[in-house]
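# Fold the following, please.
(chains A and B)
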Protein chains: 2
Amino acid sequence: MTKELVFGHQNPDTDAIAAAIALAYLEKQDGYDTEAVALGPVNPETQFVLDYFGVKAPRVVDHAKPETDLVMLVDHNEPQQSIADIADLTVTHVVDHHRINGFDTSKPLYYRAAPYGCCSTIITQMFSEEGVTIPKEIAGLMMSAIISDTLLLKSPTTTDVDRDALQALAEIAGVDNYEDYGVQMLKAGTNVDAKSAEELIDSDAKSFTLGGKNVRIDQINVVDLEDINKRLAEIKQAMESEAQNENYDLFLVLVTNVLTSNSELITVGEPKDVVAQAFNNQFDENDVMNLPGVVSRKKQVVPPLTTQLEANN
Amino acid sequence: MTKELVFGHQNPDTDAIAAAIALAYLEKQDGYDTEAVALGPVNPETQFVLDYFGVKAPRVVDHAKPETDLVMLVDHNEPQQSIADIADLTVTHVVDHHRINGFDTSKPLYYRAAPYGCCSTIITQMFSEEGVTIPKEIAGLMMSAIISDTLLLKSPTTTDVDRDALQALAEIAGVDNYEDYGVQMLKAGTNVDAKSAEELIDSDAKSFTLGGKNVRIDQINVVDLEDINKRLAEIKQAMESEAQNENYDLFLVLVTNVLTSNSELITVGEPKDVVAQAFNNQFDENDVMNLPGVVSRKKQVVPPLTTQLEANN
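Just a heads-up that it's a prediction; the model follows:
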């Protein structure tokens, strides 16, 4: 049996790492010679999770070809989010919870997708369907992935299947109070003091074209909004500088308190008044807007902004 | 709950019809308001199956938009094989056993693919995973789809999962001897006497570019090769005429005896000697070559032809 590498997307988050380790284990029971790897170093949140459950971080790779032609993808499918030599490889399995885009194969393969809050939720279902027992530490990783992707089940991307999977995994992992654990874990991933303003505004930033405007939207998770507010001048300076260099019309930073599920939105560029209309809200004198209950860029920020910018285009 | 249409590919075969009916039933148990439809009239083989199990042929549609925006695809994913207005619809579910190509979505969805011999095999697994009992007549349809796609488990596309599913479905359907039933069913689909030569050479034809040559390959299923051989002159005449009109360098018709799993290959155009080399074989004085054991165009005809035509390009 030829060796197969199993990995999540670039800039791996906890789900990308947990899902790779879990799928590699599950497919090994089916006779595949799998190894979970990562397309980058783990982030502080994931390192906390790995330490807690005593699991080694997967080896980091940037190409598969020297080792194998066969790969399995988790938590992504779009080629630009994948390994550098994806075009030269054969994908035999995909497990994912995102839209399908630009993913073409020349042969039939195993593809398993569902619109759940977390990829590890799908893999939890697959363990159950195949009657394979989930090892305690892998249950711990997958439980952490669900907490991370759904912000402790508070994100609007959360489904009942995620809720049930989280309960079941916490039991297997022997975690009595997953909320306490989850808060610790989320806190471990939000140490913003150690990061420069430039790092903060780029850490989870994505570019969009909305109503003809170049819009950059970053998201920063914190456990206390004050950690960002005290550095507001420095952060806005960095945003303005990058907006100028990269020709962004608007640069938005969504600062999300993962404990309270509230956010604030820092904005530089124009048209600011249209951004305010999008959220039926207003900016304070520092160009900051409170957004109570907003935690999902994908579901709660991009759609209203798209509508309003297109209406004003 | 918005109504959803469930359908297989254009020119539906038995699997496209059976899988649509089976998935529509399964998802209805999950609360979806589904209706199985077809993108064309059923073929004689499928009509035999529907009559045998007392099931009505699905309604034929060519657009979904007047009725609904939501659809589920079975046995295909490529847009050019799908409903005419596929670009204006939201696909919520796909179950398929083909390569993935040109299938892009803007949102996450349910996608279930596996490299099995038949789409109905995957749906059989899904019934089992979800603990839903398969109604007797739907088991009969899915059993027939597996027999049809794998030519009674003899095609090299057949997997152990198909074999197991066929056994289980035959039991539920109350078919004691699925081989006898399968021969009857395959025979029902092979009445070539009723078709003109032009219909025969176009019934299941696909175009390929191989080694720079325009190659057309049709497949005709029969229960007696003599049914075609007695009309050879007429058929070759039709092939030559269509090759000229459509600029095919080569026109191949693979005539497959579904009872013995042997084929013969009728060829017009050039380079005929390269075709002979591809199969390490020779043509008789009528440009016909015997291909014992060959039943799959996808696995046994296209690959050797590709290799040899590319080597001679």
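
# Which is the succeeding secondary structure element to whichever strand or helix holds A:S241?
For A:S241, the enclosing helix or strand under DSSP states H and E is helix A:232-246. Reading on from helix A:232-246 to the C-terminus, the next helix or strand found by DSSP H and E is strand A:250-257.

# outside of that following strand, which residues touch it?
In this structure, residues lying in contact with strand A:250-257 by Cβ atoms under 8 Å, 6 or more residues apart in numbering or on different chains are A:151, A:200-201, A:213-225, A:228, A:235, A:239-240, A:242-243, A:262-272, A:275, A:291, A:294-295, A:297, A:301, A:305. In short, each C-beta sits where N, CA and C put it, glycine included.

# picking up where we left off before, what is the rounded mean pLDDT of the helix holding A:S241?
In this model, helix A:232-246 has an average pLDDT of 97.

# Could you list the buried residues of it?
Under the neighbour-count criterion of 16 or more other Cβ atoms under 10 Å in any protein chain shown, helix A:232-246 has A:L232, A:I235, A:K236, A:A238, A:M239, A:E242, A:A243 buried.

# picking that back up, tell me which entries of the contacts of strand A:250-257 lie within helices.
Assignment to helices by DSSP state H places the following of these there: A:L200, A:I201, A:I228, A:I235, A:M239, A:E240, A:E242, A:A243, A:K272, A:V275, A:L305.

# Could you check how far the fourth one is from chain B?
I take that to be A:I235. Applying Cβ to the nearest Cβ, to the nearest Å, the value for A:I235 to chain B is 32 Å.

# Please name the nearest non-neighbouring residue to that residue.
What sits nearest to A:I235 in space, not counting adjacent residues and going by Cβ to Cβ, 6 or more residues apart in numbering or on different chains, is A:A197, at 4.9 Å.

# Can you verify my assumption that the one you found contacts A:L232?
No: here A:A197 does not reach A:L232: they are 9.8 Å apart, not a contact under Cβ atoms under 8 Å.

# how many other residues sit next to the residue in the stretch 201-313 of chain A that chain B sits nearest to?
Nearest to chain B in the stretch 201-313 of chain A, going by Cβ to the nearest Cβ, is A:K298, at a distance of 9.9 Å. Residues contacting A:K298 under the criterion other Cβ atoms under 10 Å in any protein chain shown number 15.

# Skipping its backbone neighbours, what lies nearest it in space?
A:T157 is the one closest to A:K298 (Cβ to Cβ, 6+ apart), at 7.1 Å.

# For A:E45, see how far away the one you found is.
Computed as Cβ to Cβ, to the nearest Å, the A:T157 to A:E45 distance reads 18 Å.

# Kindly calculate the angle that the lengthiest strand in chain A makes with strand A:250-257.
As assigned by DSSP state E, the longest strand anywhere in chain A is strand A:213-222. With axes from the mean of the first three to the mean of the last three Cα atoms, to 10 degrees defining the directions, strand A:213-222 sits at 20 degrees from strand A:250-257.

# neighbouring strands for strand A:213-222, and are they parallel or not?
strand A:206-210 (antiparallel), strand A:250-257 (parallel) (DSSP bridges).

# Which of those strands comes out lowest on mean pLDDT?
Ranked by mean pLDDT, the strands paired with strand A:213-222 bottom out at strand A:206-210, which scores a mean of 83.

# List the buried residues of that strand.
Neighbour-count burial for strand A:206-210, counted by 16+ other Cβ under 10 Å, picks out A:F208, A:L210.

# next one: stretch A:50-59
Buried-residue list, stretch A:50-59, by 16+ other Cβ under 10 Å: A:L50, A:Y52, A:F53, A:V55, A:A57, A:P58.

# hang on, the earlier thing: want to try JSON lines for the strands paired with strand A:213-222, with distance to B:K136 as columns?
Formatted as JSON lines, the strands paired with strand A:213-222 follow (distance: least, Cβ to Cβ, whole Å):
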{"stretch": "strand A:206-210", "distance to B:K136": "51"}
{"stretch": "strand A:250-257", "distance to B:K136": "53"}
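
# my read: the residue of the stretch 201-313 of chain A closest to chain B touches A:D149, true?
No: the pair A:K298 / A:D149 is not scored as a contact, 11.1 Å apart, by Cβ under 8 Å.

# picking that back up, ok, the residue nearest to A:K298 - how many residues close by?
A count of nearby residues for A:T157, using other Cβ under 10 Å, gives 21.

# Can you check the pLDDT for it?
What the model reports for A:T157 is a pLDDT of 93.

# Contacts only, for A:K3.
A:D33, A:T34, A:E35, A:E67, A:T68, A:L70.

# Of these, keep whichever come out buried.
A:T34, A:E35, A:L70.

# Is it possible to get CSV of those that adds distance to B:L166 and pLDDT?
Below are the buried ones among the contacts of A:K3 laid out as CSV (distance: Cβ to Cβ, whole Å; pLDDT from 0 to 100):
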residue, distance to B:L166, pLDDT
A:T34, 30, 98
A:E35, 35, 98
A:L70, 29, 98
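
# and those, which of them are in strands?
Per DSSP E, the buried ones among the contacts of A:K3 map to strands at A:T34, A:E35, A:L70.

# Name the residues of stretch A:64-78 that are buried.
Quick answer for stretch A:64-78 (16+ other Cβ under 10 Å): A:A64, A:L70, A:V71, A:M72, A:L73, A:V74, A:D75, A:H76, A:N77, A:E78.

# Quick check: beta-bridge partners of the second one?
Okay, so that is A:L70. Bridge pairing for A:L70 (DSSP bridges) gives the partners A:E4, A:T90.

# And it, how far from A:Q80?
For A:L70, the distance to A:Q80 (Cβ to Cβ) stands at 21 Å.

# just the fourth one next, same as before
If you measure A:M72 against A:Q80 using Cβ to Cβ, the figure is 18 Å.

# before we move on, what about the first one?
Spatial separation of A:A64 from A:Q80 under the definition Cβ to Cβ is 16 Å.

# The third one too?
As for A:V71, its distance to A:Q80 is 16 Å (criterion: Cβ to Cβ).

# now do the fifth one
Applying Cβ to Cβ, one obtains 13 Å for the distance of A:L73 from A:Q80.

# circling back to that earlier point, pLDDT averaged over the longest strand of chain A, what's the number?
In this model, strand A:213-222 has a mean pLDDT of 92.

# Next: stretch A:95-106.
pLDDT averaged over stretch A:95-106 gives 91.

# Quick check: the farthest pair among the contacts of A:K3?
Greatest spacing in the contacts of A:K3, by Cβ to Cβ: A:T34 and A:E67 (12.2 Å).

# So for these two, which residues contact both of them?
Shared contacts of A:T34 and A:E67 (Cβ under 8 Å, 6+ apart): A:K3, A:L5.

# count of neighbours near A:E130?
The burial count assigned to A:E130 is 12, neighbours taken as other Cβ under 10 Å.

# so it makes contact with A:L26?
Yes: using Cβ under 8 Å, A:E130 is in contact with A:L26, at 7.0 Å.

# Now for the closest residue to A:E246 other than its chain neighbours: which residues touch it?
Among residues not flanking A:E246 along the chain, A:R216 sits closest, at 7.1 Å (Cβ to Cβ, 6+ apart). Residues near A:R216 by Cβ under 8 Å, 6+ apart: A:A205, A:K206, A:S207, A:F208, A:E242, A:A243, A:E246, A:Y248, A:L250, A:F251, A:L252.

# Bridged to A:R216, which residues?
A:R216 has these beta-bridge partners by DSSP bridges: A:S207, A:F251.

# how's chain A carved up into domains?
A:3-187, A:192-311 (automatic domain parsing).

# So for the last one, first residue to last residue, what's the gap.
Criterion Cα to Cα, to the nearest Å; first-to-last residue distance in domain A:192-311 is 36 Å.

# Would you check that the residue nearest to A:K298 makes contact with A:S148?
No: at 11.9 Å, A:T157 does not count as touching A:S148 under the criterion of Cβ under 8 Å.

# Which positions in chain A make contact with chain B?
A:97-115, A:129 (Cβ under 8 Å from any Cβ of the partner chain).

# Which of those fall within helices?
Reading helices off the residues of chain A next to chain B with DSSP H, I get A:E129.
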